[in-house]
Each structure stands twice: as structure tokens, then as C-alpha cells.
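**Q** Got a predicted structure here, sequence first:
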Amino acid sequence: MEKHTVTNICRLSVVFMVIGSIVATAHANSLLNPGFETVGTNAATAANWNQFNNAGLSSTNIGTGTGFPITAHSGANAMQTQAPANTNFDASGAYQDVAASPGQNWRLTGYTLNWQNSQMVGPGTFATAQLAFLDSTNGIISTFDGPHFGFTNAFPLNVWSPFQIDATAPAGTATIRTYVLYVGNSAAHGSAYFDDLNLYQPTGTTTPQSVTTAPAVNVSWPTSAALSNFVVNYQIQSTTNLIFTNIPPVNVLSNASFDAGATTNGADLGTSFGWALQGGGGKAVSCYPHPTHSGAGALKMTDTTTAVPVASQGGPFQVVPHPINPGDVWDLQGYAYISSTNAGSDTFVGGFGLLKIVWNDVNGTALQPVPGDTNAIGSPVTGQFPGIESLHITTSSTRDSWNLIEARGTAPAGAAFGQAFCILVGSGGGGAMRFDDLTFAKPVSTFGWANLGPVFTGTGGTNNITDLIKTNQNFYRVMPQ
């Protein structure tokens, strides 16, 4: 039921925000435990409320020494909603049902907080309250949103922002449901707090309701079908300003080009600074004029057995660890080379090579990738050797030139470190594969462009996505990945 409601929030082409005011009079609050003061079955739940996804009861931080005793509008508790773990847009929050009848006028008021120690961040993320009218089977007839704080409405820090929703129950109404929601996905962070709600049927003089509409634009683009041994992926991006500067991604890899210690005409090196060279087969740094993508060195792996030579960096107990946060998206890309002209063991004759991202917890245990990760580029692999694998370089790949390969994914719950791997799976047939110029980074907005929606795989048809028009006009572009 929660996902059904979230669909109503996120996919409307027009969002209605109904705001009215009345002569203040006393009204009976139809909600039970409207200030979340009564604890439910455990310390994280509020009595009379149904909580879902990452929502929980939060007690005030008065007396904790933080200097910000504001995480409850009044009393001791508030409802804390946080970013959902879903990679698609979803919501976390709480709801309560009250009996209602067609034709009744209802009003919801309350307060929401964006606290600086848990600030809400993330593209398209917002906090809102919602009234939903349900029929006798609990099917949703219609919904009415409050202001979208942090998206179409300002969401100032450390201030309890008031909100109000007015709505009339449509035909068929049996129940009115009150929601408090954090709308976003696993790329978002922070919290939205809610407190002191009041749901009532207003009486007295009412000013005419004013309706604000937020239209949306539909972005469509043709895509290429999957090519032989290569898949085209697309990222849709938007910006409100075409005057900007570039913010390049930060490559966290050390010795990403395998140039440390390499010299022109130098002998192969059995070690590579920052990298753990492990597994069977051959592992070495090969020096120019042997093939390099740039600089003096490249990582050379030799297929001498059916064993698997690997080079890795980033684990918690390695020389160069790479700390990460769950929910962050990381991208690993670089170049791989197989030869058909170099003599002897350099000629690649079997097996396959790849780049791979492996998520580690604090103990170094490999974690399973996020199921259905819409940010994934490459192939999520589960089971004994989990991770995100790039396209495989095989005997049918382009030879005698550098092939760009890429793996991308969202760090799962519990992830604390991200490992980057170069791997050659041997076939016992001999031959070598080289890797060079790797980048392991969090994708960022570049030239002012922010990613809109997930990465789309080329289908050969026409894809589309809908985006709300914000305060300023948006510009859009489609970028192949």
C-alpha cells in the first residue's frame, strides 16, 4: 500500500498544493498520538502509527550536549523519516487512518524540521505530508500533497516549518489516511522530522482555497540497441543554469596508471605500489615500448594456468583502503588491451579479463550487490564472489587497441570499503592481457549538470522520463555512458 501511494507522489505530471486559511477556532484532533509522545511496541515505534521503510521515533536531544535541543517541536518525541533504501524513488514515513465520509472537508496541519546534524540532501529529494482518501477496500481514490520541502518549497535548517493541507472527501470515501513522508532514494541522506499534527474538520469562515500547480516536462530520446560485445548506457541530466564550471570526479586510486617505478625499456616489475598482486598466473608491471595506454607502465597479467591472477586496492586491510558510505554510487573504469601481433606469451589466446567492484564491510567481508540496482553498469554478480563486473574482454574483443570497460554500482547496506579489481580468468592457453589508466570515483555533477533518474540501457527504441519544472527553467541532455 505504501508503494502505491508513493507512485501517486512521484509520477504525477501536475502536483497540487492546496493552501487555505480560516478564522482560528478550537477543533477536535481526529489523530491519536498526534505528537508521537506515546511509545509503541518498542522505543523506535509510535503508538497508533504505521511506520514503513526508514522511519522511526526520535526523542529530543535536550541534555545531550549537542547545543541543538530542537528535534521535537514540543514534548519529548517526533517522527524521524529518512532516505529509503530503494535505488528507485520511494518514500519512508508513517501513516494513520481515520473514518471519513464523502463531502467532508478536512484539514491537516503540522510541523517539519530539517536539522543541521541530519540535513536532507539528494537530487529530487523532499519532505511532505499527504492526505489520501480510501474506499471501503482500502483502495486509494485521490491524494493531496502538502508543500514539497526541499524541492518546490524552501526547507530552512533548524527551523520548524509549518504546513497545511485542505481537502474534500470524494465520492466513495470510507477512510482518510494521514501520511508524513521523506521522498527520495538510496542516493539521498539526512532526515525530515515531523511533530504536532492536527487533523480536523474545519468550521467557521474559510478563505477561498488557492491552488498552485507544478507542471512537468517529458524528456524523450532515441537509444541505440546493444552492439556486439558492447552495451550503450545513457544518463539523463538536467541543470537550471548554462553558465557553470566543471567539477571533475576525484579518482581515489593510488598509482592508477601503474607508472610508479616503470621506465622506458625497463624490465617487468614484480610489484606495483598501492596494489596487491595475488592469485595464480603472472602479474607484473610492463614497461613501454610494450603497450601502455599512457605513461611508462601498464599492468600485465599472464594466463599460464586456469588460475586467476588479480590486482586489487581499497580493502580495509590493504595498503590503500577506500572508505565508502552505503547508498553512494561508485564507478570503476579503465582500459584493457589484448594483442594479436606481439610474439610469444603476449598473444592472447583464451580466458577473459575484467574490472570489478567489490563491497566490503568493516571486517573485510564481501557483500552482495544491491538487488535490482538501477545505477548498475556492467553485471551484478551474487554468490561466493559478489560484486559488479565490467564487460568481459575475450578473444572476440578488439585486439591491438585499448578497450574502455566500466563497472558501476550502489554501495549496499553495511558497506564500509570499496575494492577495485583487475582480473584475468585463465584458460590455460597462455597469452597476456594489460590494464591501464583506471579511475575509481563517485560520479558527480559535471559542468553544473545533475543526474536525473537512473542509468538507462540502450534498447533501440525511444525512452522517456518525466521531470517537474522547478523555480527556474530546466535544461536537459542525454549522455552516453
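**A** Now that the structure is in, tell me what you want to look at. Numbering: from 1, shown residues only.
**Q** which SS state does Asn117 fall under?
**A** helix (DSSP: H, G, I helix; E, B strand; the rest coil).
**Q** could you check the distance from it over to Phe151?
**A** Here Asn117 is placed at a distance of 21 Å from Phe151 (C-beta to C-beta, to the nearest Å). Where you see a C-beta, it was placed from the backbone N, CA and C, and this is true even at glycine.
**Q** okay, these two: which has more neighbours?
**A** Just comparing Asn117 and Phe151: by other C-beta atoms under 10 Å the higher neighbour count belongs to Phe151, 21 against 14.
**Q** ok, and for the helix or strand that Leu438 is a member of, which residues are buried?
**A** Using DSSP states H and E, Leu438 falls within strand 432-441. Neighbour-count burial for strand 432-441, counted by 16 or more other C-beta atoms under 10 Å, picks out Ala432, Met433, Arg434, Phe435, Asp436, Asp437, Leu438, Thr439, Phe440.
**Q** residue ranges with poor pLDDT in the stretch 201-350 of the chain?
**A** Along the stretch 201-350 of the chain, segments meeting pLDDT under 70 span 204-219, 221-233, 235, 240-248, 341-345.
**Q** can you pull out the strands in it?
**A** Counting by DSSP state E, counting those that start in this stretch, residue ranges of the strands within the stretch 201-350 of the chain are 210-214, 216-222, 233-239, 276-278, 282-287, 297-302, 310-313, 329-337.
**Q** what does the stretch 1-150 of the chain give?
**A** For the stretch 1-150 of the chain, the strands defined by DSSP E, counting those that start in this stretch occupy 15-19, 50-52, 55-59, 77-82, 90-99, 105-113, 126-134, 140-145.
**Q** quick one, which of those is nearest to Phe273?
**A** Among those, strand 77-82 comes nearest to Phe273, with 40.1 Å by C-beta to C-beta.
**Q** Okay, now the sheet partners of the closest one, with direction.
**A** Take DSSP bridges as the rule and strand 77-82 pairs in its sheet with strand 55-59 (antiparallel), strand 191-200 (antiparallel).
**Q** got CSV for those, with mean neighbour count too?
**A** CSV is the format used below for the strands paired with strand 77-82 (neighbours: other C-beta atoms under 10 Å):
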stretch, mean neighbour count
strand 55-59, 22
strand 191-200, 24
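**Q** between those, which gets the lowest average pLDDT?
**A** Within those, confidence is poorest for strand 55-59, with a mean of 86 (mean pLDDT).
**Q** Just the CA coordinates for it, please, in PDB.
**A** Below are the C-alpha coordinates for strand 55-59, written out as PDB (Å, rounded to 0.1, in the frame of the first residue of the first chain):
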ATOM      1  CA  ALA A  55      11.200   5.900   9.700                       C
ATOM      2  CA  GLY A  56      11.400   5.700  13.500                       C
ATOM      3  CA  LEU A  57      10.500   7.500  16.700                       C
ATOM      4  CA  SER A  58      13.100  10.100  17.700                       C
ATOM      5  CA  SER A  59      13.500  11.600  21.200                       C
END
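**Q** quick one: it to chain centroid distance?
**A** Relative to its chain's centre, strand 55-59 lies at 23 Å (C-alpha atoms, centre = their mean, to the nearest Å).
**Q** repeat for stretch 78-96
**A** For stretch 78-96, the separation from the chain centroid amounts to 14 Å (computed by C-alpha atoms, centre = their mean).
**Q** ok, and for it, which residues are buried?
**A** Under 16+ other C-beta under 10 Å, the buried positions of stretch 78-96 are 78-87, 89-96.
**Q** can you check stretch 156-172 too?
**A** Trp160, Ser161, Phe163, Gln164, Ile165, Asp166, Ala167, Ala169.
**Q** sec struct for the third one, please.
**A** Just to be clear, that refers to Phe163. Following three-state DSSP, the label given to Phe163 is strand.
**Q** And for the residue lying closest to it once chain neighbours are set aside, the neighbour number?
**A** Nearest residue to Phe163 in three dimensions, chain neighbours excluded: Gly146, at 4.4 Å (C-beta to C-beta, 6 or more residues apart in numbering). Using other C-beta under 10 Å, Gly146 is surrounded by 26 other residues.
**Q** Quick check, Gly146 in contact with Thr109.
**A** No: using C-beta atoms under 8 Å, Gly146 is not in contact with Thr109; the gap is 9.4 Å.
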